[in-house]
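> here is the input, now give the coordinates:
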Amino acid sequence: MKKVHFVGVYGAGMSALAQFLAMGGGRATGSDRFLDQDKAGDIRVALEAVGVELFPQDGSGLTSETETVVVSTAIEDDNPELAKAKSLGIKIVHRADWLAAIVLEHQTIAVAGTSGKSTVSAMLHTIFESAGRGPSVITGAGLHSL
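Numbers count the residues shown, from 1 in each chain. Here you go, the predicted model:
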């Protein structure tokens, strides 16, 4: 199975996408500039718990097995991983486009607003889980009910 590499994987949106892929049986790897600084302990634990392999943001996580690199707007154009992905001919996709592709493949409920999004998302997950619907959630919040 080809792998997907998430650059800036400690970000709320990127970590959620990497976990979603890994929990669905995909092969996810990721890197973050803060990996060596140990600034995101809870996120690191959550990513590693579902099998996301973590690498320094130096290109070492990219191999011939890497099919796609997912980046967000926070990633600068001179990032070493972008340069390596380009040199290896690996497809580079923006986080928003990756999320859009996921949404198109699934029945989706989006929760938006100023406050209460995490609470409503957790409630919806619990309702659909209780109904035997086998829901998935992509959220930047750490939901204790999951």
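> what pLDDT, on average, does the helix or strand encompassing Thr119 get?
Assigned by DSSP states H and E, Thr119 falls within helix 117-130. Averaging pLDDT along helix 117-130 gives 85.
> who does that helix touch, helix- and strand-wise?
Judged by 3 or more C-beta pairs under 8 Å, 6 or more residues apart in numbering; DSSP states H and E, helix 117-130 is in contact with no other helix or strand. No exception for glycine: its C-beta is placed from N, CA and C like everyone else's.
> quick one, domains of the chain?
With automatic domain parsing as the criterion, the domains of the chain are listed as 3-104, 107-146.
> mean neighbour count for these - can I get that in a markdown table?
A markdown table is the format used below for these (neighbours: other C-beta atoms under 10 Å):
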| stretch | mean neighbour count |
| --- | --- |
| domain 3-104 | 17 |
| domain 107-146 | 12 |
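> where among these is average confidence lowest?
domain 107-146 (a mean of 79).
> any chance you could map the strands in this structure?
3-7, 27-31, 53-55, 66-71, 91-94 (DSSP state E).
> and Ser130, which of those strands is closest to it?
Judged by C-beta to C-beta, the one of the strands of the chain that comes nearest to Ser130 is strand 27-31, at 28.3 Å.
> okay, the angle between the closest one and strand 66-71?
50 degrees (axes from the mean of the first three to the mean of the last three C-alpha atoms, to 10 degrees).
> just want the angle from strand 27-31 to strand 3-7.
Relative orientation of strand 27-31 versus strand 3-7 (the same axes, to 10 degrees): 20 degrees.
> can I get strand 27-31 in PDB, CA atoms only?
Extracted C-alpha coordinates of strand 27-31, given in PDB (Å, rounded to 0.1, in the frame of the first residue of the first chain):
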ATOM      1  CA  ARG A  27      -0.700   4.200   5.600                       C
ATOM      2  CA  ALA A  28       0.100   7.700   7.000                       C
ATOM      3  CA  THR A  29       3.300   9.300   7.900                       C
ATOM      4  CA  GLY A  30       4.000  12.900   8.900                       C
ATOM      5  CA  SER A  31       6.500  15.500   9.900                       C
END
